[in-house]
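*Asks:* got a predicted structure here, sequence first:
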Amino acid sequence: MTQQKKQMLMTILPIVVCAAGILFLNNMWQCRYERDSYRGISALCQTILENDPGAEELLLSSLKEYQSQEEWKTGGNVFLEQFGYTEEDFSGSKGCGVLFAVNAAVLISAAFFLSFRSAKKHIEARVSGLTKYLEQVNAGKTGTIVQTIEDEFSHLQDEIYKTVTSLYVTRENALKAKERFADNLANIAHQLKTPLTAALLSLQLMEKTAPNTYTKPIKNQLERLNRLEESLLTLSKIDSGALLLEHSPVDVYTVLNLAVENLEELMRREKVMADIPDKGCVEFQGDMEWTMEALMNLIKNCAEHSPEGGRIHCDYSKNPLYTEILIWDEGQGFAPEDIPHLFERFYRGKRAVKGGIGIGLALACSLFELQGGTLSARNLPAGGACFEIRFYSH
């Protein structure tokens, strides 16, 4: 038997059972009516003979004639009405019709209730099955719904399958496109590395043998290209998932000081200072080296936009939800229209310094996100740009 036939049988079975019950009651009442009629006639004959024993022959012949009469002669007979008698005066089971109607109504109501309950359970089971399937899809698991019958949810189920399949295809295509982009980015970075290395070596020889005023700008441009190559290579690793990060305790005070030390030459050239308070042991789970790399990009941005003699301020704190690091400068701050785009790759705002490549902030944001953190930027009311980093507790 197919699932569809089983479902139809389960739906109509309560109605069939109740209909059979109604027929049974009808037959039962019919048998009872015939039995009561027989007993009533018998009691009437007994009463007549007790009052007139000589009327036995007449009584028996009358019974034979009554038994042989057709239904049209006996049905609707109202002979006793002329003597003031009615049907109720001789009824031994008053209210049988009402009782039969009540029982029939109860059975019919039960049939509809059972049918409705069965349909409700079927709907709940189908909705639960579709919901669990979507939960599996959202959890990244694959699976199907075992349902072979046609019902009111079949079309919805087909559309869900089509949508999920389309999303899977779109996701696979997006992942492949991302992998191709990461590979292309890595190839470009590697292709840049060889001529850059050769050019830097040649420049070092020129500076030793015949230093002149032209070597410095060439060196600056080559160093800029070298930073671009390193950033592109890091971005390609992030996009392809090849950048492996550690997850160990990172002390905030230590990592901030390491970032500033690596930028000592730049800060001396820009004539700015860094203020890092020691607040004791404040840690988060992350990668020390790559966190330092990301912080260097933020501090470098603040140093390049700070006035001469200015200070770069750092602060940090921890609560049950996250560890927060704040870095801000005393410069002009961001142009308001630039803030929504600051962490986009190769975006250069209106106040970007000359020679920048627009990757530093995007790289820092990606590195923090890989460690379960977030990066945002805003302008302070008193002036200056502020970066806010949060590492959420697990």
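*Replies:* Sure, I can see it.

*Asks:* what about residue 231, neighbour count?
*Replies:* 20 (other CB atoms under 10 Å). Every C-beta, even on glycine, is put in place using the N, C-alpha and C of the backbone.

*Asks:* isn't it up against residue 360?
*Replies:* Yes. Taking CB atoms under 8 Å as the definition, residue 231 is a contact partner of residue 360 at 7.4 Å.

*Asks:* so for the helix or strand containing residue 47, what's the average pLDDT?
*Replies:* Assigned by DSSP states H and E, residue 47 falls within helix 3-51. Mean per-residue pLDDT for helix 3-51: 62.

*Asks:* okay, and residue 377 sits in which element?
*Replies:* strand 373-379.

*Asks:* I'd guess residue 151 is in a helix, am I close?
*Replies:* No. Counting by DSSP: H, G, I helix; E, B strand; the rest coil, residue 151 falls outside a helix, being coil.

*Asks:* do you know how far it is from residue 130?
*Replies:* Distance, residue 151 to residue 130, by CB to CB, to the nearest Å: 12 Å.

*Asks:* repeat that for residue 352.
*Replies:* Taking CB to CB as the measure, residue 352 and residue 130 are separated by 51 Å.

*Asks:* residue 192 now?
*Replies:* In terms of CB to CB, residue 192 sits 52 Å off from residue 130.

*Asks:* partner strands of the helix or strand encompassing residue 250, with direction?
*Replies:* Element membership of residue 250, judged by DSSP H and E, is strand 248-251. Strand 248-251 pairs in its sheet with strand 283-286 (antiparallel), by DSSP bridges.

*Asks:* average pLDDT for the partner strand, rounded please.
*Replies:* Strand 283-286 comes out at a mean pLDDT of 94.

*Asks:* following it, which helix or strand comes up?
*Replies:* helix 288-304.

*Asks:* what packs against the very next helix or strand once past that following helix?
*Replies:* Tracing the chain past helix 288-304, the next element assigned as helix or strand by DSSP H and E is strand 311-318. Judged by 3 or more CB pairs under 8 Å, 6 or more residues apart in numbering; DSSP states H and E, the packing partners of strand 311-318 are helix 252-262, strand 273-275, helix 288-304, strand 322-328.

*Asks:* name the residues of strand 311-318 that are buried.
*Replies:* Of all the residues in strand 311-318, those buried under the rule 16 or more other CB atoms under 10 Å are 312-316, 318.

*Asks:* low-scoring stretches of the stretch 251-394 of the chain, by residue?
*Replies:* Residues of the stretch 251-394 of the chain meeting the criterion pLDDT under 70: 355.
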